[in-house]
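Peer 1: 3D model of this:
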Amino acid sequence: MNVTAAVLTCQLVIGCVAIAVPAGCSVAIAICHLAAWRRWALFFSLAMVAACVLPLYLHTAAWESAAGKFGILRWTQSAAARQPLSGMSAAIWIHGLSGAAWVAVATGFGLSRLPRQLIESAYLDQGPLRRWTHVFLPAIAPWIAAGALWAATLAATEMTVVNLYGVRTIADAFYLLYAAQPSNMAIVQVVLPSLPIGIGLAMIVQRIVSPSGLSSHGSSSHDTTEGGFDKWSCIASGSRLPQFASAIWATAMTLLLLAVPLASLFATAGRVVVITEGSSGETMVNRFWQWEKCVQTIQGGWNTFLPEHQWTLTIAFSMGIFATAVAMVVVSQCKTARSRAAGDMLWLVAVMVPGPVVALAVVWMFRRDLPMLDTLYQQTLVPTFLALLPRSGAAAYIVIRVATARLDPAIDAAASLDTDQYWQRYFQINLPRLSPAILASIGIAAAVAVADVPATLPVVPPGVSTVGTRLFGLLHSGSRSQEAGLAIVFLLVVMVVAMLGRVLYVILKRRYP
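Peer 2: Model prediction:
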């Protein structure tokens, strides 16, 4: 692996984090100050979550429609080098905005876990600015670091965005140059630079789920885990930051993360280009928008790519259930501090292995001369599930690990008086209490599986095509109406599934608080 690829990877990671951390933290603080306007705070919070759920290839398709080669905001008709999005700047911009959503969600969640005693003492001892710089932000530093490290992880190991813009990072160089003729040294070189980020992420997760991270500053666990909006209201109650200014900034970030690129998709879907010849012989190009064309494009995005939508949903939900089941087994067996630390490190280091390397390992495993392996490789989704397991499993593991650590041990201790069978107590006592987390784990693992195009491309069996793999191929020709229609339909599908999942999550949360 050449030095240039390593330098480009570092530039991408640094640029991504430089955008994600200030933008994500600031919008989370703004939403926190809107807690009194509960509906608006909920709306902006869901917008940040939606930006996290959307895969990188959908972010890329949306911004290509806005400012790419054929985008509505391009600066010139002929010189592609002068388009608003190109090269490293485009990769940093897309990764940075996607990372900002992750940092915003992590920061907001960290603020919702602050002990009320800490908040009240900060208002007694500190001024408005020092409360944030010396108390609140340092207290939630692990959550901010987790969001930033996850954004850095995607930038260092994903090749979906950089491949489109010709930025030869380590992951993209391996995908293009070394996957066809792999060597042990090439695999080590592509994995080794990402390991420090994975180790740091593992340490952050261990700190978050530790007893001191769950209930610090002498607060009770009940105080630490109560509702987020109540905590945000408590934090913002004595602030001098105007709610109007907070609403403006939250709106601006929501427009930047979702509205502008998504509106560009609809503009591309309905754009009509008519070429006519003028009276003097010159060629005239007229562009206008038709809602009939937009509707036809969206219908085509459903009818033409219906198999892609079906396979994507099948793989996503199957992978979500599979990854959650594996994560629950692993978490249930990690009963000591040492085993839990080993489990954290194993899963989170696995996240740092780029998708092409994982897919290559799966291909190598199924090409052994053993009975049934070739049939499984050619005719089933087993290789696809194994290739998606490192990241989807890690996402599910984190959710189940944190949820299990937050269970009240007194309930389990009381149940142990009735029976000493661990699995009986687990299924009768802990499993119902974990049901909201299990649903969240399935949804998050499914979202990660949908987004993991690099691991999916080499291992999907013949006849199977997902939205990610199809859109990844189509994007290289520019985000025209066909790509826009596919992206819009899949966005609508994701929104419907997410709303149904949220309704079910609220029902389970009310039943098992």
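Peer 1: confidence score at residue 75?
Peer 2: pLDDT recorded at residue 75 is 49.
Peer 1: do the same with residue 421
Peer 2: Reported pLDDT for residue 421: 67.
Peer 1: For stretch 397-405, buried residues please.
Peer 2: Within stretch 397-405, the residues that count as buried by 16 or more other CB atoms under 10 Å are 397-405. Any C-beta I mention is one placed from the backbone N, CA and C, and that applies to glycine too.
Peer 1: what's the distance between that stretch and the middle of its chain?
Peer 2: The chain centroid and the centroid of stretch 397-405 are separated by 17 Å under CA atoms, centre = their mean, to the nearest Å.
Peer 1: Other residues contacting that stretch?
Peer 2: The contact list for stretch 397-405 (CB atoms under 8 Å, 6 or more residues apart in numbering) reads 205, 208-209, 214, 324, 327-328, 330-331, 340, 343-344, 347-348, 430, 434, 436-438, 440-441, 444.
Peer 1: which stretches of the stretch 201-350 of the chain have low pLDDT?
Peer 2: 201-202, 205-230, 236-241, 273, 275-287 (pLDDT under 70).
Peer 1: Tell me which residues are up against the helix or strand harbouring residue 444.
Peer 2: Assessed by DSSP states H and E, residue 444 sits inside helix 431-451. With contact meaning CB under 8 Å, 6+ apart, helix 431-451 is reached by 53, 55-57, 312, 315-317, 319-321, 323-324, 327-328, 388, 391-393, 395-396, 399-400, 402-404, 407, 411, 466-468, 498, 501, 504-505, 508-509, 511-512.
Peer 1: Looking at the buried residues of stretch 397-405, spot the one nearest residue 19.
Peer 2: residue 398 (23.8 Å; CB to CB).
Peer 1: From residue 444, how far out is that closest one?
Peer 2: Going from residue 398 to residue 444 by CB to CB, to the nearest Å gives 8 Å.
Peer 1: same check, this time on residue 507
Peer 2: 18 Å.
Peer 1: so which of the buried residues of stretch 397-405 comes closest to residue 113?
Peer 2: Using CB to CB, the buried residues of stretch 397-405 come closest to residue 113 at residue 402, 10.5 Å.
Peer 1: roughly how far out does whichever helix or strand the closest one is part of sit from the chain middle?
Peer 2: Counting by DSSP H and E, the element that carries residue 402 is helix 382-405. Here helix 382-405 is found 13 Å from its chain centre; the criterion is CA atoms, centre = their mean.
Peer 1: Quick one: mean pLDDT for that helix?
Peer 2: So the average pLDDT for helix 382-405 ends up being 86.
Peer 1: Can you tell me what sits against stretch 256-263?
Peer 2: Taking CB under 8 Å, 6+ apart as the rule, stretch 256-263 contacts 47-48, 50-51, 59, 62-63, 65-66, 97, 100-101, 491.
Peer 1: Going by neighbour count, which of these comes out on top?
Peer 2: Using other CB atoms under 10 Å as the neighbour criterion, residue 65 leads the contacts of stretch 256-263 with 31 neighbours.
Peer 1: Next SSE downstream of the helix or strand where it lies?
Peer 2: Using DSSP H and E, residue 65 maps to helix 56-67. Remark: after helix 56-67, the chain's next helix or strand is helix 87-112, criterion DSSP H and E.
Peer 1: what's the offset of that next one from the middle of its chain?
Peer 2: The answer for helix 87-112 is 9 Å, by CA atoms, centre = their mean.
Peer 1: Check stretch 446-466 too.
Peer 2: 16 Å.
Peer 1: Please apply the same query to stretch 370-379.
Peer 2: 32 Å.
Peer 1: List the buried residues in that stretch.
Peer 2: Per 16+ other CB under 10 Å, stretch 370-379 contains these buried residues: residue 377.
Peer 1: Skipping its backbone neighbours, what lies nearest residue 169 in space?
Peer 2: Leaving aside its chain neighbours, residue 169 sits nearest to residue 9 (4.3 Å; criterion: CB to CB, 6 or more residues apart in numbering).
Peer 1: Are we agreed that the one you found is in a helix?
Peer 2: Yes - if the criterion is DSSP: H, G, I helix; E, B strand; the rest coil, then residue 9 is within a helix.
Peer 1: List the contacts of it.
Peer 2: 155-156, 169-171, 193.
Peer 1: all strands for the chain, in order.
Peer 2: In the chain, the segments counted as strands under DSSP state E are 271-277, 283-289.
Peer 1: returning to what we had before: for residue 507 and residue 444, work out which one has more neighbours and name it.
Peer 2: Between residue 507 and residue 444, residue 444 has the larger neighbour count (other CB under 10 Å), namely 20 against 13.
Peer 1: returning to that earlier point: okay, the residue nearest to residue 169 and residue 171: tell me how far apart.
Peer 2: 8 Å.
Peer 1: Need the overlap of contacts for those two.
Peer 2: Common neighbours of residue 9 and residue 171 (CB under 8 Å, 6+ apart) are residue 156.
Peer 1: What is the neighbour count of residue 196?
Peer 2: 13.
Peer 1: Next one: residue 256 relative to residue 509, how far apart?
Peer 2: 31 Å.
Peer 1: can you check residue 116 too?
Peer 2: 21 Å.
Peer 1: Settle it for me: which of these two has more neighbours?
Peer 2: residue 116 (17 against 14).
Peer 1: measure the more buried one to residue 123 for me?
Peer 2: Taking CB to CB, one finds residue 116 at 11 Å from residue 123.
Peer 1: just residue 472 next, same as before
Peer 2: Taken as CB to CB, the span from residue 472 to residue 123 is 50 Å.
Peer 1: In terms of residue numbering, what are the domains of this protein?
Peer 2: For the chain, automatic domain parsing gives the domain ranges 1-70+85-243, 304-513.
Peer 1: Make CSV out of the ones you listed and add distance to residue 252.
Peer 2: Below are those laid out as CSV (distance: least, CB to CB, whole Å):
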stretch, distance to residue 252
domain 1-70+85-243, 9
domain 304-513, 21
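Peer 1: Surely residue 475 touches residue 58?
Peer 2: No - Residue 475 sits out of contact with residue 58 when judged by CB atoms under 8 Å, with a separation of 10.3 Å.
Peer 1: Of the two, give the one with the bigger neighbour count.
Peer 2: Using other CB under 10 Å, the more surrounded residue of residue 475 and residue 58 is residue 58, with 26 against 23.
Peer 1: Apart from its chain neighbours, what residue comes closest to the more buried one?
Peer 2: residue 487 (5.7 Å).
Peer 1: give me the number of residues near the one you found?
Peer 2: Residue 487 has 30 nearby residues by other CB under 10 Å.
Peer 1: what residues are up against it?
Peer 2: Counted by CB under 8 Å, 6+ apart, residue 487 has contacts 58, 61-62, 65, 265, 301, 471, 479.
Peer 1: From residue 49, how far out is it?
Peer 2: From residue 487 over to residue 49 (counting by CB to CB), the distance is 19 Å.
Peer 1: least trustworthy position among the contacts of residue 9, going by pLDDT?
Peer 2: Lowest confidence among the contacts of residue 9: residue 193, with 67.
Peer 1: Count the neighbours of the residue lying closest to residue 234 once chain neighbours are set aside for me.
Peer 2: Excluding its sequence neighbours, the residue lying closest to residue 234 (CB to CB, 6+ apart) is residue 119, at 5.2 Å. For residue 119, the neighbour count with other CB under 10 Å is 21.
Peer 1: just checking, residue 119 touches residue 231?
Peer 2: Yes - counting by CB under 8 Å, residue 231 is a contact partner of residue 119 at 7.3 Å.
Peer 1: Just give the nearest non-adjacent residue to residue 19, would you?
Peer 2: Nearest to residue 19 is residue 96, by CB to CB, 6+ apart, at 2.9 Å.
Peer 1: And the pLDDT at the one you found?
Peer 2: 93.
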